[in-house]
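A.B. asks: Okay, here's the prediction I keep looking at, along with the sequence it came from:
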Amino acid sequence: MISTEQLYQTLQKRFGFSHFRAGQLEALTALTAGQNTLAVLPTGAGKTLIYELYGAATQQLVLIVSPLISLMQDQVTTLNVKGEKRAAALTSLMTYPEKNWVLQHLTAYRFLFVSPEMLSQDAVLSALQNVSLGLLVVDEAHCISTWGPDFRPEYLLLGQIRHQLNDPLTLMTTATATQHVKTDIKQKLQLPDATEVVLPIDRQNIFLDVAQFETQTDKDDRLIELVTTLKKPGVVYFSSKKKANETAELLALKTHCRVAAYHAGLDPETRFKVQQQFMQDQLDVICATSAFGMGIDKNNVRFVIHYHVPSDLEAYWQEIGRAGRDGKQSIAILLYQPGDEQIAQFLSDATVPQENEIHYYFQQMAPQIAGDEKANLIWFYKQHHYQERQVQELFERRREQRMVAFRKMMGYLRTPTCKRQYVQHYFDQVSQPDELPADCCSSDQPDIDLTALGLISTNDSVTVSQNEGPASWQAILTQLFNADGKTDAV
Amino acid sequence: MDTAQLITFLSPTAPRRLRVIENILVGKRTVSTLYWGMRYHQLSWLGYEKRLTRNVMDQTALELKNKGLVTVEETNAQLTELGAIEQQRLLNKHYQPKYLNLRLIVDVEALWQRLLLATQVVSEQAYQNKHYYPLQVSWQVKQFVKRWFHQFYSDDLRKAFQDFWQTFLSQLPNDQALLMSRLLVGHQRPGETLVQVAHDFELTESEVRVMITDLICQLAKVIAHTETASLRSLLAGLSRSLISTSAQQTLNSFMAGKSLEVISHQRQLKLSTVREHLLEAAIMLPPEQFDFQRILPAQLVTQMLARLAKTPLDQWQFTQVADLSVEFWQFRLLEILRSKQTDDKY
Ligand SMILES: [Zn+2]
């Protein structure tokens, strides 16, 4: 067994840190004692370090199940950047020979990322059965819960797959989970006795603000004002790509800030550029959809504004969690206009197939159009021998759950009492009133002075730096290829 | 797709089929699409905008119609007098691509991804930095560039790339050179997005997209002729065939003298498919690479032309010759031949 001292040594040697962040050591201690572990750590708390360090300390293969290809690729890149080259993602974007190559060289890898669908393929499963697996990580484990917002039916296969992999030591990670969801995760993975490591989800340095508007013009004006005056960088979230694009243009026009849109509709080159500009402080504001944020580790984000109401508190909490990772005062502002709930309701409804759609797809063979999510979803159930009636009931329940989750979200913005306590209550993590931060929320302090919070931008450094940078292509080439012969201090 | 772009695909003298324009942009290789794409001089745009939707296409046409720039009948659009003036204005004002034909024989999108990533890798190498976020590209491109770098990293890549870009950019007008250079990614340079450069150069997004695509085509041309191995190898495996693999096989058999029936039997294809393959080849390839005479005997051509000579090509009707012993696909082939011989624009 690995001692605590060895864990610290690896932390120092591999990661250059002398201290663990909250929750990391507890999870690692449980794992090295052979206990399956459910770690509920907020975004940015460093949950990836847990399995990275475990893999480094035990020198064994770590298999990470992850729901999104883009997320997997990001994680592999991040590991590569840190100097770990033995990482790969097995995805549906690879050709058959490419996949095969990875599978035949499994021992060459320390970290392997897969989607649950990929993992359930015979070839993949049998290749993994033949290697010694140090740790199975179920990332975003809440996806297994039909109670959660991001339910993915493929995750239901994982309990069985885990047995087929000879019940390896398992780490389940998630950023936000209610008590209900936690129990559900453990039950569905058939690990009822797993050790729980749960950190408070509260982020005391984020002031929680909700502002209501009569018209969209008022809302836009306030957004422009906020973006102009608030300390940057910041993120504004939208529920539609179109609105994100339009507002990015509007803000660029009205605020002198460097603004860009970010959503899943952009090509990878543009996504990379926007992300990197933001990371390198060359952008002040990102107008984003929920596609933005995964894999973004920027600690000086000062504000997160929501232009639309998110579909549930889990999503909201995850998104505002991107503010203030450096611990400094930050703010989350939800801009609400009566009627917005209909947009959210519509979008939420749109993700769950309706009765007639389920019936329709049940009559069909395999999905005709790649990327038809609903068709794929129902195809999944059909392939796994569900009856139409069962699927109808399942989605009926799911629609009700989404409705309840959305009502709770609306409750957050409507509650006249403390919003922080409302969230804590939702996540079953109630704290005492004296544990609340002095500057807490707009229910307690409706007329909060943003200047007093230190959130008002004090200089125009942003606008000054706007046009810096090489003005000629010759200068750009000089910089790109280091024609001045500088060496870099990294 | 925007109105300015659609206008350049239309004509004031004859209606054009919106569905053909759309199918060309989306990249559908049916004989009818390719034939009319050739007639519209639009083939170099084949597959230029794969994600174009019917909805966007129709909205754009409607917008032009509402401005009085086109008339639309069913799904055929023709420029009005006002539209023709606007088209002329746009042709003078907007960047006009010259090298898009290269798209048909080189996978320029993949080349750009490779070149962009390779440039980043070389830039970081020039600063001796190993810890950076590489551009997100497809797995294939990433693996390719990894192998490429492994092969060439000990060459003086920094000098090779600097010289290459220096030479390439200096032969461009200054604004195009600046625009292109601002897209590049490297050490502490995340590169600018298309939207950002469009904004700064006061151009529309679709204008910049055309310009960049055309510049990438020029890059492909230059790289194909460069002496520098590290750069030239970036093109490896990216050549495209003008026609589909299956059509190429059919063509090879045909040019080897086999009859259509034999080809149909040997390749287990319907006779109609064999004919479509040959029509595709006749449209896409230079005329000397296709044996028109074998399908269109001189006497038949003379007979048909006697009926058709007074009708402009795009108004030819099969009914004009239907009573001769001729099949529709032979008629279509004559249209193709005629188009290639005269290349009469509208
Ligand atoms: Zn409060």
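C.D. replies: Received it, and whenever you're ready, just let me know what you need. Numbers count the residues shown, from 1 in each chain, chains lettered A, B, ... in the order given.

A.B. asks: Next, see if stretch B:201-220 gets close to chain A.
C.D. replies: No. Stretch B:201-220 lies out of reach of chain A by CB under 8 Å from any CB of the partner chain, never closer than 10.6 Å. Heads up, the C-betas are built off the backbone N, CA and C, glycines and all.

A.B. asks: buried stuff in that stretch?
C.D. replies: Under the neighbour-count criterion of 16 or more other CB atoms under 10 Å in any protein chain shown, stretch B:201-220 has B:203, B:206-220 buried.

A.B. asks: of those residues, closest to residue A:336?
C.D. replies: Of all the buried residues of stretch B:201-220, residue B:206 has the smallest distance to residue A:336: 35.9 Å, by CB to CB.

A.B. asks: Show the backbone phi and psi for the closest one.
C.D. replies: phi -70, psi -30 (degrees, to the nearest 10).

A.B. asks: residue ranges of the helices in the stretch 101-250 of chain B, please?
C.D. replies: Counting by DSSP state H, counting those that start in this stretch, the stretch 101-250 of chain B has helices at residues B:108-126, B:139-152, B:157-170, B:174-183, B:194-200, B:205-225, B:229-232, B:245-255.

A.B. asks: now the fourth one against helix B:157-170, angle please.
C.D. replies: Inter-element angle recorded for helix B:174-183 and helix B:157-170: 150 degrees (by axes from the mean of the first three to the mean of the last three CA atoms, to 10 degrees).

A.B. asks: The last one now?
C.D. replies: Our comparison of helix B:245-255 with helix B:157-170, counting by the same axes, to 10 degrees, yields an angle of 70 degrees.

A.B. asks: ok, residues contacting helix B:245-255?
C.D. replies: B:241, B:243, B:260, B:262-263, B:266-267, B:269, B:274, B:276-278, B:280-281, B:285, B:290-291, B:294 (CB atoms under 8 Å, 6 or more residues apart in numbering or on different chains).

A.B. asks: Please repeat the previous calculation with a cut-off of 6 Å.
C.D. replies: B:241, B:263, B:274, B:277, B:280, B:281 (CB atoms under 6 Å, 6 or more residues apart in numbering or on different chains).

A.B. asks: In helices, which of those appear?
C.D. replies: Of the contacts of helix B:245-255, the ones assigned to helices by DSSP state H are B:263, B:274, B:277, B:280, B:281.

A.B. asks: Would you mind giving both backbone torsions of the spatially most central residue of chain B?
C.D. replies: Centroid-nearest residue in chain B: residue B:44, 3.0 Å away (criterion: CA atoms, centre = their mean). The phi and psi values for residue B:44, taken as degrees, to the nearest 10, are phi -70, psi -10.

A.B. asks: Kindly provide the distance from it to the ion.
C.D. replies: Plainly put, residue B:44 is 62 Å away from the ion if you go by CB to the ion, to the nearest Å.

A.B. asks: go on, residue A:403?
C.D. replies: 26 Å.

A.B. asks: Doesn't that residue lie inside a strand?
C.D. replies: No. Assessed with DSSP: H, G, I helix; E, B strand; the rest coil, residue A:403 is helix; it does not lie in a strand.

A.B. asks: For burial, what's the neighbour tally of it?
C.D. replies: Residues lying near residue A:403 (other CB atoms under 10 Å in any protein chain shown) number 14.

A.B. asks: got it, and residue A:255?
C.D. replies: Counted with other CB under 10 Å, the neighbours of residue A:255 add up to 20.

A.B. asks: now residue A:237
C.D. replies: 24.

A.B. asks: Got a quick ChimeraX command for the buried subset of the ones in helices among the contacts of helix B:245-255?
C.D. replies: Of those, the buried ones can be selected in ChimeraX as follows, counting by 16+ other CB under 10 Å:
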select /B:263,274,277,280,281
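
A.B. asks: follow-up on the earlier one: can you tell me the closest non-neighbouring residue to the residue nearest to the centre of chain B?
C.D. replies: Spatial nearest neighbour of residue B:44, chain neighbours left out: residue B:100 (3.9 Å); criterion: CB to CB, 6 or more residues apart in numbering or on different chains.

A.B. asks: count of residues packed around the one you found?
C.D. replies: Using other CB under 10 Å, residue B:100 is surrounded by 18 other residues.

A.B. asks: Let me see the contact set for residue A:445.
C.D. replies: With contacts defined as CB under 6 Å, 6+ apart, residue A:445 is in contact with no residue.

A.B. asks: and it, how far is that from chain B?
C.D. replies: 38 Å (CB to the nearest CB, to the nearest Å).

A.B. asks: What of residue A:442?
C.D. replies: As defined by CB to the nearest CB, residue A:442 lies at a distance of 34 Å from chain B.

A.B. asks: Tell me, what's the model's pLDDT at whichever residue of the stretch 101-250 of chain A sits closest to the ion?
C.D. replies: Residue of the stretch 101-250 of chain A nearest the ion, by CB to the ion: residue A:208 (6.7 Å). pLDDT, residue A:208: 97.

A.B. asks: give the contact list for it.
C.D. replies: Residue A:208 makes contacts with A:332, A:419, A:420, A:441, as judged by CB under 6 Å, 6+ apart.
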